[in-house]
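Peer 1: Sequence and predicted structure, then a few things I'm wondering about:
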Amino acid sequence: MKAARIWMILMGVFYVLNLVAIWPSIFAPQLPGMYPGVELHQGTDSFQLLLDAWLIVGIQLAAIGVVLLWAGTLSKHPQRYIGVIWVAIVTEIVDGIWDIYSVGSGLEEPTIGYATVGIHLVWIASAFWVLGKVKKELG
């Protein structure tokens, strides 16, 4: 269960840090670099709505992160909470599809998009590795 515990803690921290990175005052200046060909209408209600929508994404990721941190640090039996690893896998798949769409449609800066796809793949692969270890340990 050590691998599951470590993975849950690392992923939990990563998801909580995503909320920090997506915080509007931090994220707003980054958006023009992420979406260089898109008129973002900075300073308008539309731009504020975009920032608010991204903030909700950050809050959702942080919520999953808090559950992962709880399961990895406070639970005596992290294997009981393996389902949250599946939640993270599905989240990473959906986010990866969004990044592929964004790059493929020419909206997202390719280096950023491909880097984030790579990050999603690392988390997905490591999650399946952890699930395999848990299955082996539980017999």
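Peer 2: Looks like it arrived, so ask away.

Peer 1: which SSE is the residue nearest the centre of the chain in?
Peer 2: Geometric centre of the chain, nearest residue: residue 15, 5.5 Å, by Cα atoms, centre = their mean. Secondary structure assigned from DSSP states H and E places residue 15 in helix 2-22.

Peer 1: same for that helix, what does it pack against?
Peer 2: helix 45-73, helix 83-104, helix 110-138 (3 or more Cβ pairs under 8 Å, 6 or more residues apart in numbering; DSSP states H and E). Bear in mind the C-beta positions are built from the backbone N, C-alpha and C, glycine included.

Peer 1: how does it look with 6 Å?
Peer 2: With contacts defined as 3 or more Cβ pairs under 6 Å, 6 or more residues apart in numbering; DSSP states H and E, helix 2-22 has these neighbours: helix 45-73, helix 110-138.

Peer 1: Of the ones you listed, which is nearest residue 103?
Peer 2: helix 110-138 (3.5 Å; Cβ to Cβ).

Peer 1: returning to that earlier point: residues of the helix holding residue 15 that come out buried?
Peer 2: Along helix 2-22, these residues count as buried under the neighbour rule (16 or more other Cβ atoms under 10 Å): 3-5, 7-9, 11-12, 15-16, 18-19, 22.

Peer 1: do stretch 32-40 as well
Peer 2: For stretch 32-40, by 16+ other Cβ under 10 Å, it's 34, 35, 40.

Peer 1: Closest to residue 110 out of the residues you listed?
Peer 2: Using Cβ to Cβ, the buried residues of stretch 32-40 come closest to residue 110 at residue 34, 10.8 Å.

Peer 1: closest to residue 101 out of the helices and strands packed on helix 2-22?
Peer 2: helix 110-138 (9.3 Å).

Peer 1: Taking their axis directions, the closest one and helix 83-104 sit at what angle?
Peer 2: If you take axes from the mean of the first three to the mean of the last three Cα atoms, to 10 degrees, helix 110-138 sits at 160 degrees to helix 83-104.

Peer 1: Quick one: list the elements packing against helix 110-138.
Peer 2: Under the contact rule (3+ Cβ pairs under 6 Å, 6+ apart), helix 110-138 is packed against helix 2-22, helix 83-104.
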